[in-house]
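>>> requesting a structural model of the entry that follows:
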Amino acid sequence: MQGLASLPCASPVFKDRDHAGRLLAERLKDQLSSGTIIVAIPRGGVPLAVPIARLGAAPLSTCLVAKVRHPEHHENGIGAIASDGSVVLNHPLIRFLGLRADTVSAAVHTSRTTMNARSMAALRGVPRMKLAGRQVILVDDGIATGYTALAAVRTMRRVGVSRVIVATPVCTWAAATLLRRVSIPLVSLVEPTTQEIYVPSFYESFTGVSDGDVLRALDDQERFLANVVTTEETTAASCQWVIDGQ
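Residues are numbered from 1 along each chain as shown. Here you go, the predicted structure:
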């Protein structure tokens, strides 16, 4: 899907994650069918997922994914690992960098240790919600290489979801090509043509998101859905009373 722009970001496009999430929700409204579950990649994907989950009155969960980082240049990723152990590596980049197999294995081990330390259970990851047979919309606040999203999608498919849609405000053209090449539907608002992007530059405000923020967002959505159910039950009861009273 062609987004709002196809050029590198010269100035911020979104006010903050909430603003980007609302725009994304509007784009996704026709795909928020009954039974859809919104799954965010924490931490940054959660604030974006909230407006989408609210619009669709959908459950909100998370899928924990960690970047596999270059052993010397930690800001650079060479792949990703998901909470179920799924590992996706950027083999062309690894070959280009001349990284040895034992070096890559050590980097994967480090990422797995880091991810486990973040406590998958505390963040209410995929194992806590039954996804088999459901449509999932996977949300992140930006996709640079596509490997994190790809690892998360593989996790979704392993648990038997019927369909996965990846949704993000900004995704590089290269990452979009990678995802679409393996038949992953992608909804993005901005697709820069540059090979690399700095995701925060697309936002006026890109503040940190804590585990506490994630947990509060999940709890708030649970309460929101409970209120929706209560309201619907009250309305149905009122209608039944009117019919019976005729």
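>>> what sits against the spatially most central residue of the chain?
The central residue of the chain, meaning the one whose C-alpha is nearest the mean C-alpha position (CA atoms, centre = their mean), is residue 139 at 2.5 Å. Neighbouring residues of residue 139 by CB atoms under 8 Å, 6 or more residues apart in numbering: 21, 24, 38-41, 45, 48-49, 52, 167-168. Where C-beta positions appear, they are placed from N, C-alpha and C, glycine not excepted.
>>> can you check residue 37 too?
Shown here is residue 37, whose contacts under the criterion CB under 8 Å, 6+ apart are 58-61, 129, 131, 134-137.
>>> how many residues are close by the nearest residue to residue 29 once chain neighbours are set aside?
Leaving aside its chain neighbours, residue 29 sits nearest to residue 55 (6.1 Å; criterion: CB to CB, 6 or more residues apart in numbering). The local packing count at residue 55 equals 17, with neighbours defined by other CB atoms under 10 Å.
>>> got CSV for the contacts of residue 139, with distance to residue 151 too?
Shown next, in CSV, are the contacts of residue 139 (distance: CB to CB, whole Å):
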residue, distance to residue 151
21, 22
24, 21
38, 18
39, 13
40, 14
41, 9
45, 13
48, 19
49, 18
52, 21
167, 16
168, 15
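>>> which of those lies closest to residue 111?
Distance ranking of these against residue 111, using CB to CB, places residue 41 first at 14.4 Å.
>>> what is the burial count for residue 200?
If you count neighbours by other CB under 10 Å, residue 200 ends up with 14.
>>> so how far is residue 85 from residue 189?
Distance from residue 189 to residue 85, counting by CB to CB, to the nearest Å: 32 Å.
>>> the two - which one has more neighbours?
Set residue 189 next to residue 85 and count neighbours by other CB under 10 Å: residue 189 wins out with 22 against 12.
>>> least confident pick among the contacts of residue 37?
Checking pLDDT across the contacts of residue 37, the minimum falls on residue 129 at 74.
>>> just give me how far stretch 159-166 sits from the chain centre.
Offset of stretch 159-166 from its chain centre (CA atoms, centre = their mean, to the nearest Å): 12 Å.
>>> element containing the residue nearest to residue 29?
Using DSSP states H and E, the secondary-structure element containing residue 55 is helix 45-56.
>>> quick one: contacts of that helix?
Identification of contacts with helix 45-56 by CB under 8 Å, 6+ apart yields 16-18, 20-22, 24-26, 28-29, 32, 36, 38-40, 58-60, 62, 137, 139-141, 167-169, 209, 213-214, 217-218, 220-221, 224.
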